[in-house]
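1. how would this look folded up:
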Amino acid sequence: MAKLYFRYGTVGSAKTLNLLAVAHNYKQQGKKVLLIKPRIDNRFSTTSIISRAGLEQKADLLVSENSKIESNLLQGVNCILVDEAQFISAYVIEQFRRITIDLNIPVICYGLRADFRSDLFEGSKRLLELSDSIEEIKTTCAFCNKKAISNLKHVNGIATVEGPSVDLGAEEKYFPTCFDCYIREIQKSCPALPMSGEQKELFSRAIGE
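-> Predicted coordinates:
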């Protein structure tokens, strides 16, 4: 039976670059790859998978929350590669699991594990529950040389835990951080943030109080 893979990392850890390299290797061997991305991800392109390094390939399929992956799309496919998997619904992730079992096609998903409040995304949560293989793509903290494990959100240069979980941005808005630097930056910015009771609770959860 083929496997379901989840390769996760913080923002800026070259997840998409890794995906495109894997796609290239399959194609070099004359094998067919199906490239999937969530329709909601329109940061760099609405239809293509683009890395921050500038590499790009057109996605074969854009999925929404209730998308059904039709079997005719999978004819002759040797591997399915999924970008920004954290934004994909549990319903679609479960289809990936069935594809590995029923059609013996490996599915490799790339994405963030948690949001800027350190809460799991829906897609990431389901992947952590269902995947045969879970691999971390590592990078270093933007503020020190420790391994990054958190995603720090900046608005106008100020760290924050406010806003929706699905809030698309590029490198000027999100930074990979170790948890020590994540806590320090949030605590440093906290006094300047007008927070409601609910937001204060979210902040406390984020810094582990």
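
2. what's next to the helix or strand where residue 62 lies, contact-wise?
-> Residue 62 belongs to strand 61-63 when assigned by DSSP states H and E. The contact list for strand 61-63, computed with CB atoms under 8 Å, 6 or more residues apart in numbering, reads 34-39, 46-47, 69, 73, 88, 92. The way it works is simple: take the backbone N, C-alpha and C, and place the C-beta from them, glycine included.

3. quick one: low-confidence parts of the chain?
-> 44-45, 167-172, 190-209 (pLDDT under 70).

4. care to break it down by domain?
-> Listed by automatic domain parsing, the domain ranges of the chain are 4-136, 150-207.

5. between those domains, which one is closest to residue 143.
-> domain 150-207 (4.2 Å; CB to CB).

6. ok, so what distance separates residue 178 from residue 142?
-> Going from residue 178 to residue 142 by CB to CB, to the nearest Å gives 9 Å.

7. contacts only, for the residue most central in space within the chain.
-> Nearest residue to the geometric centre of the chain (CA atoms, centre = their mean): residue 111, 2.2 Å. Counting by CB under 8 Å, 6+ apart, residue 111 makes contact with 6, 8, 15, 82-88, 121, 123-124, 127.

8. switch the residues you listed over to JSON lines; also include distance to residue 184, neighbour count and secondary structure.
-> What follows is these, written out as JSON lines (distance: CB to CB, whole Å; neighbours: other CB atoms under 10 Å; DSSP: H, G, I helix; E, B strand; the rest coil):
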{"residue": "6", "distance to residue 184": "29", "neighbour count": "28", "secondary structure": "strand"}
{"residue": "8", "distance to residue 184": "24", "neighbour count": "23", "secondary structure": "strand"}
{"residue": "15", "distance to residue 184": "25", "neighbour count": "24", "secondary structure": "helix"}
{"residue": "82", "distance to residue 184": "34", "neighbour count": "30", "secondary structure": "strand"}
{"residue": "83", "distance to residue 184": "31", "neighbour count": "25", "secondary structure": "coil"}
{"residue": "84", "distance to residue 184": "28", "neighbour count": "23", "secondary structure": "coil"}
{"residue": "85", "distance to residue 184": "29", "neighbour count": "29", "secondary structure": "helix"}
{"residue": "86", "distance to residue 184": "25", "neighbour count": "24", "secondary structure": "helix"}
{"residue": "87", "distance to residue 184": "28", "neighbour count": "22", "secondary structure": "helix"}
{"residue": "88", "distance to residue 184": "32", "neighbour count": "31", "secondary structure": "coil"}
{"residue": "121", "distance to residue 184": "24", "neighbour count": "21", "secondary structure": "coil"}
{"residue": "123", "distance to residue 184": "29", "neighbour count": "24", "secondary structure": "helix"}
{"residue": "124", "distance to residue 184": "25", "neighbour count": "23", "secondary structure": "helix"}
{"residue": "127", "distance to residue 184": "30", "neighbour count": "29", "secondary structure": "helix"}
